[in-house]
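*Asks:* Here is my input; please provide its structure:
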Amino acid sequence: MTTPAPRLRIGFLLAPRFTLCAFANFVDVLRLAADEGDRSRPILCRWRVLSPTMDPVESSCGVRVTPDERLGDPSRFDYIVVVGGLVDEIERLLPDHIAFLRRAAGAGVPLVGVCTGTFILHRAGLLNGYKACVSWFHHEDFLHEFDGLVPVSDQIFVVDRDRLSCSGGASSAHLAAFLVDRHIGPAAARKSLAIMIIDEAMGAERPQPGLPLELTTQEPLVKRALLAMQQSMEAPLGVEELARRLGVGRRKLERHFADALGMTPRQADRQIRLAQVRHLLGRGSRSVARIAAETGFCDSSHLIRAFREAEGTTPEAWRKAQQGEAARPS
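*Replies:* Below you'll find the predicted structure:
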């Protein structure tokens, strides 16, 4: 019996110290869509890790992945996916990789940047005139690296013609599911995500969880404070406790926030927690009381007051409006 040709062929380039979970999520969606059940035969999808040297590539967590084959002709793939990782390491991508990516672009093969793979594509001159997605965590790094170019950091992935990009982590599964849906069908995409215990496929426009973009800054003390706020969301730190943990006085911390963001630490903390509230409201049917507990509000009444003050409506009304917007035909 003749094996049918795969409908989706992906070639992966792994940057030194790449993010393992972003790569694994992408591959597992392909694996589960490629065969019946979870038998993992690469029938409907085919994926290969490419390298000019065939040396194992170390991920940021230390796990090494051995390439499958050499670079060769990029046109044998439907997409070339570049998986980035630690920002300080992406400059170590070999010149052969960059030449291969440029050949792929010249041959019309769509290019995909995952995590800081977007940085790599941009450095190679392959994102000029395109929109590109980067993680909120790397938003300021991108602005610093590429003067005058503003990346998309308020949604989980971006599709702009023959350039696709995502923020990494779980979003790589959703971008892979988008490609499976496009080339194999929605049932295969749903099946992959269901086996991976992912409730539903998220569209590109789904906002990234993380710090609100208005709180991005390069000021070191304020950055550390914002991350500490995010990590203690269920039990918010008082300003005195936050300053103590950071080893500075309260007045110094407040002065740095005023200079960097034009607000107090308490106001920034409220914005972080309300951003997470909006994220959770859009992710299913969690009760307002449960969301309040997970985001550091005293109870549902406290959350409703704060949310109404910020949004002009209640959390439940906001959720229904968002669900109605998502269900509306495009």
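*Asks:* In this structure A34 contacts D28, no?
*Replies:* No - using Cβ atoms under 8 Å, A34 makes no contact with D28, being 10.4 Å away. Yep, even glycine has a C-beta here, placed from its N, CA and C like the rest.
*Asks:* who has more neighbours, those two?
*Replies:* Taking other Cβ atoms under 10 Å, A34 and D28 do not tie; A34 has more neighbours (23 against 19).
*Asks:* Now do the same for that one: its pLDDT.
*Replies:* Looking at A34, its pLDDT reads 91.
*Asks:* So what sits opposite the closest residue to it other than its chain neighbours in the bridge?
*Replies:* Nearest non-adjacent residue to A34, counting by Cβ to Cβ, 6 or more residues apart in numbering: C45, 3.9 Å away. On the basis of DSSP bridges, C45 is bridged to L8.
*Asks:* The one 5 residues further on now?
*Replies:* For L50, the beta-bridge partners are E69 (DSSP bridges).
*Asks:* what sits against it?
*Replies:* 11-13, 67-72, 100 (Cβ atoms under 8 Å, 6 or more residues apart in numbering).
*Asks:* ok, back up a step: so who does the residue nearest to A34 touch?
*Replies:* 6-10, 30-31, 33-34, 180, 184 are the contacts of C45 under Cβ under 8 Å, 6+ apart.
*Asks:* again, 10 Å this time
*Replies:* 6-10, 27, 29-35, 78, 176, 179-180, 183-184, 188, 192 (Cβ atoms under 10 Å, 6 or more residues apart in numbering).
*Asks:* and these, which are buried?
*Replies:* For the contacts of C45, a burial check counting by 16 or more other Cβ atoms under 10 Å picks out 6-10, 27, 29-34, 78, 176, 179-180, 183-184, 188, 192.
*Asks:* Report all helices and strands that the lengthiest helix in the chain contacts.
*Replies:* Taking DSSP state H as the assignment, the helix of the chain that covers the most residues is helix 265-281. For helix 265-281, the elements it packs on are helix 220-231, helix 239-246, helix 250-261, helix 288-294, helix 300-311, helix 315-327, judged by 3 or more Cβ pairs under 10 Å, 6 or more residues apart in numbering; DSSP states H and E.
*Asks:* As JSON lines, the ones you listed with mean neighbour count and mean pLDDT would be great.
*Replies:* Listed next are the helices and strands packed on helix 265-281 as JSON lines, based on neighbours: other Cβ atoms under 10 Å; pLDDT from 0 to 100:
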{"stretch": "helix 220-231", "mean neighbour count": "17", "mean pLDDT": "83"}
{"stretch": "helix 239-246", "mean neighbour count": "16", "mean pLDDT": "91"}
{"stretch": "helix 250-261", "mean neighbour count": "16", "mean pLDDT": "94"}
{"stretch": "helix 288-294", "mean neighbour count": "18", "mean pLDDT": "91"}
{"stretch": "helix 300-311", "mean neighbour count": "16", "mean pLDDT": "94"}
{"stretch": "helix 315-327", "mean neighbour count": "13", "mean pLDDT": "80"}
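*Asks:* Specify the stretch among the ones you listed that is closest to K131.
*Replies:* helix 315-327 (21.1 Å; Cβ to Cβ).
*Asks:* This completes my enquiry, with thanks.
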